[in-house]
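In: Can you look at this prediction? I've put the sequence above it.
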Amino acid sequence: MPHDDPHDHSHAAVEADEPQGYYQHLAAATRSLLIEKGVFSAADMRAMIEQIDRRSPALGAKIVARAWTDEGFKARLLSRGKQAIKEEMEIDPVAADIVVVENTAAVHNVVVCTLCSCYPVFILGRPPDWYKSYAYRSRAVRDPRGVLREFGTEIDPAREVRVHDSTADMRYLVLPMQPAGTEGWLEERLAGIVTRDTMVGTAEVRPAE
Amino acid sequence: MTDPLFNPGDAVTVSARFPTGRRHIRTPFYIRGKTGEVERVCGAYKNPEDLAFGNYNAARVSLYRVRFDQRHVWDDYTGNPNDTIDIEIYEHWLEPAVTEDSSDAT
Amino acid sequence: MSDDIRQQHDMGGLDKGPVTPSAHEIEPWEKRVEAIMRLLSMRKDRFVTVDELRRGIEELPPELYDTIGYYERWIASLSNILVEKGVLDRAELDARVKALEAGA
């Protein structure tokens, strides 16, 4: 078990407790037939589940904290995100091209995928339910400020809100603004105040009390 | 490699095409026919419209991030007039924008 | 342009209600569906690509798209595509589902 994953849970699933409707049976049938046909093994499945489980917002938070403390890294992250993450953060595999968008005093970025639920799983872990919800997918492009308000996030009317509809081959990471009062903090401490939602753009980073 | 037809800063109009039948389209419905500006060229990617039907040798198509003014996209947009939306659009869905910005006239 | 040519999944700009910023813990069967998809798409011979998965989801009947869950859409699409490609046989898949329903 990875020790650095705050969202870690036991894989010792009690299958009997799971829902047993048509789609759960369809999933079990598909899995067992593919294993019998030798397409992959049960061990492959376990390893893959563990690999995805290891991905969490903690990875994204480390990237953000590094960018806040290292101007050179930040510049490379903004211009060639995938390469910077792979080479300098040693996160592998980085499964897609990544566009990092920076929040500033003038611009607030927020990410949505209206067509499905494209999300940078390899640096943020699995997407939360709300990101996949039809409410978020339908409304975030047309009423972003209203949607952000539903997260308790009020963006100053003077700032530009820039929505990114992530529908094709790029994946997005929002680089939030470093909150005042955290200047001089070490990278690790900074990473501790960066939450998942701040890297999707539905929240802003608040300093820890 | 395919050379991109458009450059950052170019004004482009999204094709107002509405195909039916079996299809997989990455250009959202709401942005078709709208005019924006190329923010960056993302590179060239295999055409997902073909990949989606198992043609793994699909030709590569240039992909762009195009920035639109929200007030142009939505008639009833109520946020800051400077609010924008960036969308990835493949080259075969883009046309050079008509200069007299007729898209705003309707 | 009339909405009858807009596909069900293509929902940007519609109003599907308020966002509930909460999340349920992903269930083990959902993790397995996700892992099956990853394993298939990462193979060198690419049994099923994400593009195909998406297309298969988009081809679900609109009423079904609106009522079943996220990973339910995945497995519905994934199994259809595996049958379409001849990796799985529809009859053997149906029989396996029946057996599970009877035995579970």
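Out: Looks like it came in fine. Numbers count the residues shown, from 1 in each chain, chains lettered A, B, ... in the order given.
In: rest of the way, CA atoms for contacts and neighbours
Out: Will do.
In: check which helix or strand covers residue B:61.
Out: Using DSSP states H and E, the element containing residue B:61 is strand B:60-69.
In: got the contact list for the residue positioned nearest the centre of chain A?
Out: By Cα atoms, centre = their mean, chain A has its centre lying nearest to residue A:124, at 2.9 Å. By Cα atoms under 8 Å, 6 or more residues apart in numbering or on different chains, residue A:124 lies in contact with A:55-60, A:196.
In: So it versus residue A:194, what's the distance?
Out: Using Cα to Cα, to the nearest Å, residue A:124 is found at 11 Å from residue A:194.
In: State the mean pLDDT of stretch A:21-36.
Out: If you average the pLDDT over stretch A:21-36, you get 97.
In: how far out from the middle of the chain is the lengthiest helix in chain A?
Out: The longest helix of chain A (DSSP state H) is helix A:22-36. Put simply, helix A:22-36 sits 28 Å off its chain's centre (Cα atoms, centre = their mean, to the nearest Å).
In: wait, does it make contact with chain C?
Out: Yes - counting by Cα under 8 Å from any Cα of the partner chain, chain C is contacted by helix A:22-36 at A:22-31, A:33-34.
In: Likewise for stretch A:197-209?
Out: No - applying Cα under 8 Å from any Cα, one finds stretch A:197-209 out of contact with chain C, separated by at least 9.6 Å.
In: contacts for that stretch?
Out: A:60, A:108-111, A:148, A:151-153, A:172-182, A:193-195.
In: Strands of chain A, residue ranges please.
Out: Along chain A, the stretches classed as strands by DSSP state E are A:97-102, A:107-112, A:160-165, A:170-175.
In: Let me have those in JSON lines, adding distance to chain B, mean pLDDT and mean neighbour count as columns.
Out: JSON lines is the format used below for the strands of chain A (distance: least, Cα to the nearest Cα, whole Å; pLDDT from 0 to 100; neighbours: other Cα atoms under 10 Å in any protein chain shown):
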{"stretch": "strand A:97-102", "distance to chain B": "9", "mean pLDDT": "96", "mean neighbour count": "20"}
{"stretch": "strand A:107-112", "distance to chain B": "9", "mean pLDDT": "98", "mean neighbour count": "26"}
{"stretch": "strand A:160-165", "distance to chain B": "5", "mean pLDDT": "98", "mean neighbour count": "25"}
{"stretch": "strand A:170-175", "distance to chain B": "8", "mean pLDDT": "97", "mean neighbour count": "24"}
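In: Any idea which of those strands gets closest to residue C:26?
Out: strand A:107-112 (20.3 Å; Cα to Cα).
In: Which other helices and strands does the closest one contact?
Out: strand A:97-102, strand A:160-165, strand A:170-175 (3 or more Cα pairs under 8 Å, 6 or more residues apart in numbering or on different chains; DSSP states H and E).
In: send the alpha carbons of that strand over as CSV?
Out: Provided in CSV are the C-alpha atoms of strand A:107-112 (Å, rounded to 0.1, in the frame of the first residue of the first chain):
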residue,chain,number,x,y,z
VAL,A,107,-8.0,35.4,-14.6
HIS,A,108,-9.7,32.4,-12.9
ASN,A,109,-9.7,29.1,-14.8
VAL,A,110,-12.2,26.3,-14.5
VAL,A,111,-12.3,22.9,-16.3
VAL,A,112,-15.2,20.9,-17.5
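In: Can you pull up the most central residue in chain C?
Out: For chain C, the residue nearest the mean C-alpha position is residue C:74 (2.0 Å; Cα atoms, centre = their mean).
In: hang on, that residue packs against residue C:57?
Out: Yes - judged on Cα atoms under 8 Å, residue C:74 makes contact with residue C:57 at a distance of 6.8 Å.
In: Would you agree residue B:51 is in contact with residue B:60?
Out: No - proximity of residue B:51 to residue B:60 does not meet the contact threshold set by Cα under 8 Å, at 10.6 Å.
In: And residue C:99, which helix or strand is it part of?
Out: Assigned by DSSP H and E, residue C:99 falls in helix C:90-103.
In: Let's have the helices and strands packed on strand A:107-112 in TSV, adding distance to chain C.
Out: Output for the helices and strands packed on strand A:107-112, formatted as TSV (distance: least, Cα to the nearest Cα, whole Å):
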stretch	distance to chain C
strand A:97-102	15
strand A:160-165	9
strand A:170-175	13
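In: Tell me which of those approaches residue C:45 most closely.
Out: Taking Cα to Cα, strand A:97-102 is the member of the helices and strands packed on strand A:107-112 nearest to residue C:45, at 21.5 Å.
In: What pairs with the closest one, parallel or antiparallel?
Out: Here strand A:97-102 has these sheet partners by DSSP bridges: strand A:170-175 (parallel).
In: Dump the partner strand to CSV, keeping only the CA atoms.
Out: Output in CSV follows, covering the C-alpha atoms of strand A:170-175 (Å, rounded to 0.1, in the frame of the first residue of the first chain):
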residue,chain,number,x,y,z
MET,A,170,-5.6,17.6,-23.8
ARG,A,171,-6.0,17.2,-20.1
TYR,A,172,-6.1,20.3,-17.9
LEU,A,173,-4.5,21.2,-14.6
VAL,A,174,-5.4,24.6,-13.0
LEU,A,175,-2.4,26.2,-11.3
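In: what residues does it touch?
Out: A:60, A:64, A:96-103, A:109-111, A:118-120, A:166, A:198-201, B:42, B:88.
In: Now do the contacts for the residue nearest the centre of chain B.
Out: Closest to where the C-alpha atoms of chain B average out (Cα atoms, centre = their mean) is residue B:89, at 3.6 Å. By Cα under 8 Å, 6+ apart, the contact list for residue B:89 reads A:168, B:26-27, B:63-66.
In: Please check those and keep the buried ones.
Out: With burial judged by 16 or more other Cα atoms under 10 Å in any protein chain shown, the buried subset of these is A:168, B:26-27, B:63-66.
In: Which parts of chain B are helices?
Out: Assigned by DSSP H, chain B shows helices spanning B:48-51, B:70-73.
In: got it, and chain C?
Out: Using DSSP H, the helices found in chain C span residues C:28-42, C:50-58, C:62-67, C:70-84, C:90-103.
In: again, but for chain A
Out: Assigned by DSSP H, the helices in chain A fall at A:22-36, A:42-53, A:57-69, A:71-79, A:81-88, A:121-124, A:129-132, A:134-139, A:144-150, A:187-191, A:196-200.
In: Tell me, how many residues neighbour residue 61?
Out: Let's take chain A. The number of residues packed near residue A:61 is 25, by other Cα atoms under 10 Å in any protein chain shown.
In: sorry, should have said chain C
Out: Using other Cα under 10 Å, residue C:61 has 10 neighbouring residues.
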